[in-house]
Structure formats: C-alpha cells, structure tokens
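1. sharing a sequence plus its predicted fold:
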Amino acid sequence: MIRLGWLALGCLFVGLGMVGAVLPLMPTTIFLILAAGCFARSSPRLEAWLLNHPRFGPTLRDWRERGAIGPRAKAMACGGMGLGYGLFLLGARPGPGLALLVATVMGGCAAFVLSRPGH
C-alpha cells in the first residue's frame, strides 16, 4: 500500500513538472526531482525512465550525483523568482511586512540555488 502511495505521488509530481514545462512561472525540475525520489521507492522502471529521459535525465542525474544545478538552470530559476516576486508585488499589493517576508524566502531560495555546484 505504501509503495502504491509513492507511485501515485511520483505520477502527480511528473504531471506538475510537465505543467511547469509549459507555464513560465511554474518550476519543472523540482517536481521531477521529487518524482524520481518517489519512483525510487515504488517503481525502478519509472525511475530509470525519468533518469534516462533525453531532456530531463541529465539534469536529474546531476542533481542526484552531485547536488549540481547548471548555470542556465540557475539563471532561469533566479529569473523566475524575480519575475514571480515582481508579479506578486503588482498583483497582490502586499503590505511591507508580507512583501519583506516573501522577499526573504525567495532570496533564501535563490541563495540556495546559487550555492549549488554547476555542471
């Protein structure tokens, strides 16, 4: 039963990753990293499929083997966070406290992304 739960969660993350591949502000890679982790616990065949995928496999293998994020992915992730924050400010018009909180969280995420080794 637990294995089935991991499998379902992995499929959900693959679906979210595919949505992220076409929507500019939704991430792709993090969902596929989570999917690979779920498939490692439920389906070696689906895990292998994801890790050997021609488009996403190299990025997933880099992450798994070295915790690495390539320069292009770093730029896109940080650019997406900056764009998302700008849209948040324009659309939500938050107060200063919430704006600072969101900026701090996004800044922390960007710092983590930038701290990872490259290819």
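-> Now that the structure is in, tell me what you want to look at. All figures in this text were calculated on a predicted structure; none of them were measured in a lab.
2. could you chop the chain up by domain?
-> 2-66, 71-115 (automatic domain parsing).
3. so which of these is the most packed in?
-> domain 2-66 (a mean of 16; mean count of other Cβ atoms under 10 Å). Heads up, the C-betas are built off the backbone N, CA and C, glycines and all.
4. now the helices for this structure?
-> Listed in chain order, the helices of the chain (DSSP state H) span 2-22, 29-40, 44-51, 57-66, 71-92, 96-115.
5. tell me, what residue is most central in this structure?
-> Centroid-nearest residue in the chain, with Cα atoms, centre = their mean: residue 30, separated by 2.0 Å.
6. from residue 96, how far out is it?
-> 29 Å (Cβ to Cβ, to the nearest Å).
7. swap in residue 51?
-> 44 Å.
8. cool, residue 87 as well?
-> 18 Å.
9. quick one: residues contacting residue 87.
-> With contact taken as Cβ atoms under 8 Å, 6 or more residues apart in numbering, residue 87 is in contact with residue 25.
10. switch to 6 Å and redo it
-> Not one residue lies near residue 87 by Cβ atoms under 6 Å, 6 or more residues apart in numbering.
11. residues contacting residue 61?
-> residue 51.
12. how about the nearest residue to residue 92, chain neighbours excluded?
-> Leaving aside its sequence neighbours, residue 92 sits nearest to residue 98 (Cβ to Cβ, 6 or more residues apart in numbering; 7.9 Å).
13. with residue 109 instead?
-> Using Cβ to Cβ, 6+ apart, the nearest residue to residue 109 is residue 81, at 6.3 Å.
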